[in-house]
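> Here you go, sequence then predicted model.
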Amino acid sequence: MHKKFRETHLFSFLQRFDAETKPLDLSLANFFKSKKSLGAHDRRFLGDSAYALVRWKGLLDHLLGKPGSWEERFLLYQRLDFNRLPSDIPAWVRSGASKWLYDEVLYSHGEKMAATLCRALNEPAPVTIRVNPLKISRDKLLASWKKRFGAEACETALGIRFPKREPLTSLPEFKDGLFEIQDEGSQRVAELVMPNPGDHVLDYCSGSGGKSLAFGTRMQGKGQIYLHDVRETVLQQAKKRMNRAGIQNVQFLKPGHKQLSSLKNKIDWVLADVPCSGSGTYRRNPDMKWRADDTMLELLIQQQREIFALATDYVKPGGKIVYATCSLFSKENQEQVDYFLKTLPLELEGEPLSILPTFNGPDGFFAAVFSKKILTSDKISPQTM
């Protein structure tokens, strides 16, 4: 496609995106579906350009001296030298953050880390997958991809990282369930859920089941995994992913399912991957950092407390529950841990996991493992499955 037509498509998409409330990745995917004639190079240009412009919108508008049009921002971005920016640009603008985001990161991680973390959130996100050990070993899959894609092993036991974006979901290995696309940080959170074969595990805010797919292989088809989410559409996606991966010991429980009440105080492991700001993953949807504010964060903090309290009801005495977010903010992380320890019958198991985003490294995640206290009444009248 001619350069001029590519740019026309780019500005058309961005104007359409401005009028929507969908996240950038979903909006872009829908745009591509409506433009079947776009080739792979055209899509890459549009995707890379759209993400860059949204990431650096604050800096571009600062340099323009006004909220610019997408055409003005694009022209400025093309000639911008990031190594020679004016020295009087505020730190949050220079690092590609909103003032609100910068202040929250500053509060959570201190002055030395604030600019570094905000700048990391403006880098392209790495492409990482998790191998399905039920179907293939990492070594075998990596051997077939190393020369073809330049793929390399991650620090996680089953992770493989790619140096650039590839059409991974069109590969036969994906369709055969040999791997799932999953950030390395998300894999590390899933590793904290350590069920034994025969255990019962509840993924309380399961989404489409990414973390259940990871820890589910530990169970060797024994015991039971329950996936619960308020959105039926994501549970349907989770069912397809579980089938593709070959994990069969799964039940899908939508809100109000009659089985939920019978599971209270009986689950060995509960994962509460709660709704959060997503600040640790802003590089994947950089538009979210321009929408976030105090009101949003306050609502999320209250929602997290309510959800986690409900999830704790399912843990059997002596069982474990994992609280997880993809946030960088201490208000959603350590401060919530402190609140749970004061208000719920829980004990903290070891130090919480805190992962900060780095260039070509994992996204930002936080997770804490708790055990449910065994009370006197539990010892007198133990409950069984």
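In hand now; what should we look at?

> Can I get stretch 364-374 as PDB, trimmed to CA atoms?
Provided in PDB are the C-alpha atoms of stretch 364-374 (Å, rounded to 0.1, in the frame of the first residue of the first chain):
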ATOM      1  CA  GLY A 364       4.100  -5.200  36.300                       C
ATOM      2  CA  PHE A 365       2.400  -7.600  38.700                       C
ATOM      3  CA  PHE A 366       1.800  -8.100  42.400                       C
ATOM      4  CA  ALA A 367       0.600 -11.100  44.300                       C
ATOM      5  CA  ALA A 368       0.400 -12.200  47.900                       C
ATOM      6  CA  VAL A 369      -0.300 -15.700  49.200                       C
ATOM      7  CA  PHE A 370      -2.400 -16.100  52.400                       C
ATOM      8  CA  SER A 371      -3.500 -19.100  54.400                       C
ATOM      9  CA  LYS A 372      -6.800 -19.200  56.200                       C
ATOM     10  CA  LYS A 373      -6.600 -19.500  59.900                       C
ATOM     11  CA  ILE A 374      -7.900 -22.700  61.600                       C
END
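
> Centre of the chain to it, how far?
Put simply, stretch 364-374 sits 18 Å off its chain's centre (Cα atoms, centre = their mean, to the nearest Å).

> Can you mark which positions in that stretch are buried?
Gly364, Phe365, Phe366, Ala367, Ala368, Val369, Phe370, Ser371, Lys372 (16 or more other Cβ atoms under 10 Å). Just so you know, the C-beta spots here come from the backbone N, C-alpha and C atoms, and that holds for glycine as well.

> mean confidence for it?
Averaged across stretch 364-374, pLDDT comes to 97.

> if we take the buried residues of stretch 364-374, which one ends up nearest to Asp183?
Taking Cβ to Cβ as the measure, Phe365 is the one of the buried residues of stretch 364-374 closest to Asp183, at 8.1 Å.

> Got the phi and psi for the closest one?
Phi and psi for Phe365, reported as degrees, to the nearest 10, are phi -140, psi 160.

> Check Gly159 too.
According to degrees, to the nearest 10, Gly159 has phi -90, psi 150.

> Check whether it really touches Pro126, as I assumed.
No. With contact defined as Cβ atoms under 8 Å, Gly159 and Pro126 do not form a contacting pair (10.2 Å).

> Now do the shared contacts for these two.
Taking Cβ atoms under 8 Å, 6 or more residues apart in numbering as the criterion, Gly159 and Pro126 both touch Glu184.

> and the closest residue in space to Ile136 that isn't next to it in sequence, how many neighbours does it have?
Distances taken as Cβ to Cβ, 6 or more residues apart in numbering place Leu178 nearest to Ile136, at 4.9 Å, with adjacent residues excluded. Counted with other Cβ atoms under 10 Å, the neighbours of Leu178 add up to 21.

> what residues are up against Leu178?
Each residue near Leu178 by Cβ under 8 Å, 6+ apart is listed here: Val131, Asn132, Lys135, Ile136, Leu141.

> Read off the pLDDT value for the fourth one.
Each residue has a pLDDT score; the one for Ile136 is 97.

> and it, how many neighbours?
Neighbour tally, Ile136, other Cβ under 10 Å: 17.

> ok, now the first one?
Other residues within reach of Val131 by the criterion other Cβ under 10 Å amount to 24.

> Can I get the helix ranked longest in the chain in CSV, CA atoms only?
Ordering each helix of the chain by length in residues (DSSP state H) puts helix 294-312 first. Taking C-alpha atoms only, helix 294-312 is exported to CSV below (Å, rounded to 0.1, in the frame of the first residue of the first chain):
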residue,chain,number,x,y,z
ASP,A,294,-8.5,9.2,41.5
THR,A,295,-12.2,8.4,41.2
MET,A,296,-11.4,5.2,39.2
LEU,A,297,-8.8,4.1,41.7
GLU,A,298,-11.0,4.7,44.7
LEU,A,299,-13.8,2.6,43.2
LEU,A,300,-11.3,-0.2,42.3
ILE,A,301,-9.9,-0.3,45.8
GLN,A,302,-13.3,-0.8,47.3
GLN,A,303,-14.3,-3.3,44.7
GLN,A,304,-11.1,-5.3,45.4
ARG,A,305,-11.9,-5.4,49.1
GLU,A,306,-15.4,-6.7,48.5
ILE,A,307,-14.3,-9.3,45.9
PHE,A,308,-11.4,-10.6,48.1
ALA,A,309,-13.7,-10.9,51.1
LEU,A,310,-16.2,-13.0,49.1
ALA,A,311,-13.4,-15.1,47.6
THR,A,312,-12.0,-15.8,51.1
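
> Which SSE is immediately downstream of it?
Where DSSP states H and E defines the elements, the next helix or strand beyond helix 294-312 is strand 315-325.

> thinking again about what came up before, output the contacts of Leu178 as TSV; include the columns secondary structure and distance to Gln237.
Formatted as TSV, those follow (DSSP: H, G, I helix; E, B strand; the rest coil; distance: Cβ to Cβ, whole Å):
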residue	secondary structure	distance to Gln237
Val131	strand	20
Asn132	coil	17
Lys135	coil	20
Ile136	coil	23
Leu141	helix	23
